[in-house]
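Colleague: build me a structure from this.
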Amino acid sequence: QIQLVESGGGLVQAGGSLRVACTASTRRFTTLSMGWFRQPPGKEREFVAAISKSADFTKTADSVKGRFTISRDNAKNMVSLQMNSLKHEDTAIYYCAASDRYISQQSPDFHSWGQGTQVTVSS
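Modeller: Residues are numbered from 1 along each chain as shown. The predicted structure is shown next:
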């Protein structure tokens, strides 16, 4: 079973930056594509970004394109999300997830999920 643990959430002012990270406890991290999703207060979970197993391909939601960057360090079993120019509407619980697909932005394609980390952007 793959365990994912997010870290790095917190409170930041609008316009600021924050980096969230996710560490995976698995020997097959290099076989997994990884994704970030978020769930704003009172809303459904939505796709944010995804990265292929060798980081040769990424996908980013239109709402965060140009502001958020996903990356991974396979030597550390870690995937990160750098968030710049944060807006109040980026406030959400951020989840990382793992998939056996080459890359995906669909929740059902992800079989392992972290517990989430809260990101709050004050306006």
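Colleague: for this structure, what spans make up the strands?
Modeller: For the chain, the strands defined by DSSP state E cover 3-7, 10-13, 18-25, 33-39, 46-51, 58-60, 68-73, 78-83, 92-99, 110-113, 117-122.
Colleague: partners of the last one, with directions?
Modeller: Going back to what we said before, that points to strand 117-122. With DSSP bridges as the test, strand 117-122 is paired with strand 10-13 (parallel), strand 92-99 (antiparallel).
Colleague: can I get the ones you listed in JSON lines including mean neighbour count, distance to residue 116 and mean pLDDT?
Modeller: All C-beta atoms are positioned from the backbone trio N, CA, C, and that covers glycine. Compiled in JSON lines, these are given as follows (neighbours: other CB atoms under 10 Å; distance: least, CB to CB, whole Å; pLDDT from 0 to 100):
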{"stretch": "strand 10-13", "mean neighbour count": "12", "distance to residue 116": "13", "mean pLDDT": "97"}
{"stretch": "strand 92-99", "mean neighbour count": "24", "distance to residue 116": "4", "mean pLDDT": "98"}
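Colleague: possible to save those as TSV with distance to residue 37?
Modeller: Output for the strands paired with strand 117-122, formatted as TSV (distance: least, CB to CB, whole Å):
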stretch	distance to residue 37
strand 10-13	18
strand 92-99	5
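Colleague: who's in contact with the residue nearest in space to the middle of the chain?
Modeller: Geometric centre of the chain, nearest residue: residue 36, 2.4 Å, by CA atoms, centre = their mean. Residues in contact with residue 36 (CB atoms under 8 Å, 6 or more residues apart in numbering) are 20, 22, 48, 49, 50, 70, 79, 81, 94, 95, 96, 97.
Colleague: any idea which of the residues you listed is closest to residue 123?
Modeller: Nearest to residue 123 among the contacts of residue 36 is residue 94, at 18.4 Å by CB to CB.
Colleague: so what's that closest one closest to, chain neighbours aside?
Modeller: residue 38 (4.9 Å; CB to CB, 6 or more residues apart in numbering).
Colleague: over to residue 119?
Modeller: Distance criterion CB to CB, 6+ apart; nearest residue to residue 119, sequence neighbours excluded, is residue 9 at 4.8 Å.
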